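[1] Got a predicted structure plus its sequence, pasted below:
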Amino acid sequence: MKTPKRIQPLVDEGLVDEVISQLMSGKEATVYVVRCGEDIRCAKVYKEASQRSFKQAVQYQEGRKVRNSRRARAMEKGSKFGRDQQEEAWQNAEVDALYRLAHAGVRVPQPYGCFDGVLLMELVTDDEGNVAPRLNDVSMSADTARRHHALVMGYVTRMLCAGLVHGDLSEFNVLVDSAGPVIIDLPQAVDAAANNHAKWMLARDVDNMSQYYGRYAPELLTTQYAKEIWALYEAGELKPDTRLTGEFEEVLLEADVNSVLEEIQAAFEEAQERKLRLQEVELE
């Protein structure tokens, strides 16, 4: 096929030898199958911010650190240079997350680098060498669903132990090869400790996975993995090899109404005393 304009510089530099086909086009990027020497890989071409349909990007970027202070100031001001830097940071976030998660033991495509908004990475394939299907295109037995769900919960745990939350995990962002699930699409991954939305993003990720696998193994629909994982994380007890149960018992503390009313009354009396003192000062 004709080489896309954004990939041409990589061809000129010898990083890509041939663009074989377009694999998919999504809300944030278009992915192509490419040949790099004897290896078949994929090239993810990120769309410009004005063309992306990915919503609420700001809340995903909360907490991301920029080492260069000049870049950070420009990004805050929203200048053209700042917008360019923000785009670069968005694109590099996926590369950084891929390396970080692979090191943490999460199954993700192997990255080979990001060049001017084009991410070169491993093409995940099945045993016949065909492109691995997305989870939403796969049917499975109840046993397989339970096994794969356990693997994904383990990956979510390892991600969190590495300080990251996927943020957009669903059956559309998981590939399935002969060894099981492979997590993909990570430019929106958030810093678990620095992003105020991390908790509910993790809950949404986990619930999406439980809902999907629950189609084949209905008992997964009533599990409480998100609450269990986050509670262990907040308590500093979450480890990469933590054995999860999917059970979680919330401790509901009964409000002491009398104590609350006493505090309100005390505050009211204190305010009245302060008001009287001010009036006395004015009279003097």
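    Looks like it came in fine.
[2] okay, CA-based contacts and neighbour counts for the rest of this
    Fine.
[3] my guess is Asp191 meets Ala198, correct?
    Yes - here Asp191 reaches Ala198: they are 7.3 Å apart, a contact under Cα atoms under 8 Å.
[4] what sits in contact with each of those two?
    Taking Cα atoms under 8 Å, 6 or more residues apart in numbering as the criterion, Asp191 and Ala198 both touch Val165.
[5] give the contact list for the residue nearest the centre of the chain.
    Nearest to the mean C-alpha position of the chain, by Cα atoms, centre = their mean, lies His166 at 1.8 Å. Residues in contact with His166 (Cα under 8 Å, 6+ apart) are 156, 159, 186, 188-190, 201-202, 205.
[6] Relative to Leu244, how far out is Trp230?
    11 Å (Cα to Cα, to the nearest Å).
[7] more crowded one of those two?
    Shown here are Trp230 and Leu244; by other Cα atoms under 10 Å, Trp230 has more neighbours (20 against 16).
[8] which SS state does that one fall under?
    Three-state call for Trp230 (DSSP: H, G, I helix; E, B strand; the rest coil): helix.
[9] switch to numbering from 21
    Happy to do that; since the first residue is 21 now, the last one works out to Trp250.
[10] Confirm for me that it is in contact with Lys219.
    Yes - Trp250 is within contact range of Lys219, at 7.1 Å (criterion: Cα under 8 Å).
[11] what's around Asn215, how many residues?
    There are 18 residues near Asn215, going by other Cα under 10 Å.
[12] Then Glu254?
    10.
[13] just Val226 next, same as before
    Considering only other Cα under 10 Å, Val226 is surrounded by 25 other residues.
[14] Ok, the one 3 residues further on next?
    Under the neighbour criterion other Cα under 10 Å, Met229 is assigned a count of 20.
[15] Skipping adjacent residues, who's closest to it in space?
    Once flanking residues are discounted, Met229 sits nearest to Ser190: 6.0 Å by Cα to Cα, 6 or more residues apart in numbering.
[16] Helix, strand, or coil at Asp261?
    At Asp261 the chain is in coil, as set by three-state DSSP.
[17] so how far is Trp220 from it?
    Plainly put, Asp261 is 23 Å away from Trp220 if you go by Cα to Cα.
[18] When those two are compared, which one has more neighbours?
    More crowded of Asp261 and Trp220, by other Cα under 10 Å: Trp220, with 15 against 11.
[19] Which residues are in contact with the more buried one?
    So Trp220 contacts nothing (Cα under 8 Å, 6+ apart).
[20] Model confidence for it, exactly?
    Here the pLDDT value assigned to Trp220 is 93.
[21] Quickly find the element holding it.
    Using DSSP states H and E, Trp220 sits within helix 218-233.
[22] from memory the residue nearest to Met229 sits against Ala223, does it?
    No - contact criterion Cα under 8 Å: Ser190 and Ala223 do not qualify, at 11.7 Å.
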